[in-house]
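Chemist: Provided below for reference: sequence and predicted model.
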Amino acid sequence: MEENIEKYNDIALFQMLSMGQAESERAFMELYRRYSGRVFAYCRRFLGNREDALDVFQETFIRFFESAKEERIMTNVPAFLLRIARNLCLNFKRQSKKMVTIEDYMLYETYENNSSKDELVGLIKIALAELPDDYREAFILREYDGMTYNEIAEFLGISLALVKIRIFRAKQKLREILAPYISELSKM
């Protein structure tokens with residue numbers, strides 16, 4: 001089977017994961033190539049820390065590969081990967097319970113000499129970390145992953161109205177958190 005693996009669709013590649021070693025390795029590498037960037041970006045934005053995100057990202061693909069051994073019907077590989085990543089991110093957050101406060105960040109920033117843009121990016125990361133998990137997740141899926149409201153509702157298994165509410169409240173909360181700092185930055 002030395003044909004071009006890129007021509008196969010996701011479902012065929014997922015089925016190939018349970019075949020012989022050479023086929024499953026090639027299929028896995030192609031699926032990894034297609035979706036690793038998206039999954040890592042999701043983990044990075046959800047967790048806010050590159051090292052933690054990398055750990056969860058790697059575990060996501062390990063679990064994905066192992067899941068091919070189970071008998072399952074696959075209809076949407078990227079959604080399945082994001083579901084695994086989401087569950088692992090939520091578990092990681094529950095286990096670590098470590099959050100940096102904005103005050104801690106501002107104290108740190110007084111000793112660092114960053115440009116205003118870098119400071120704003122850092123503040124946004126901290127503000128995202130301050131959001132409740134359900135708000136942050138909906139916001140990330142919409143603003144960073146570019147999912148539609150309907151796709152988010154389907155992915156999270158919640159109503160369309162609830163998705164809209166969560167995103168609205170996330171934006172509202174981000175504005176509240178960032179308002180004093182943006183005001184200070186604009187004075188500089």
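Modeler: That came in fine, so what should we check first? What you are looking at is a predicted structure, and each value in this text was computed from that prediction instead of being measured.

Chemist: next SSE after the lowest-mean-pLDDT helix or strand in the chain?
Modeler: Across the helices and strands of the chain, the lowest-confidence element by mean pLDDT, DSSP states H and E is helix 102-111, at a mean of 45. Counting by DSSP states H and E, the element after helix 102-111 in chain order, helix or strand, is helix 116-130.

Chemist: Does anything pack onto that next one? Which helices or strands?
Modeler: helix 102-111, helix 133-143, helix 160-187 (3 or more CB pairs under 8 Å, 6 or more residues apart in numbering; DSSP states H and E). C-beta coordinates here come from the backbone N, C-alpha and C atoms, glycine included.

Chemist: Apart from its neighbours in sequence, what residue is nearest the residue sitting nearest the centre point of the chain?
Modeler: The C-alpha lying nearest the average C-alpha coordinate of the chain belongs to Tyr42 (CA atoms, centre = their mean; 1.6 Å). Excluding its sequence neighbours, the residue lying closest to Tyr42 (CB to CB, 6 or more residues apart in numbering) is Ala85, at 5.5 Å.

Chemist: Check what pLDDT that neighbour gets.
Modeler: As predicted, Ala85 sits at a pLDDT of 95.

Chemist: Can you list phi and psi of it for me?
Modeler: Dihedral angles of Ala85 (phi, psi; degrees, to the nearest 10) stand at phi -60, psi -40.

Chemist: Helix or strand: which one has the residue nearest to the centre of the chain?
Modeler: Using DSSP H and E, Tyr42 falls in helix 21-47.

Chemist: which stretches of the chain have low pLDDT?
Modeler: The model of the chain has pLDDT under 70 over residues 1-3, 97-117, 119-120, 182, 184-188.

Chemist: go again using 50 as the cut-off
Modeler: 1, 98-114 (pLDDT under 50).
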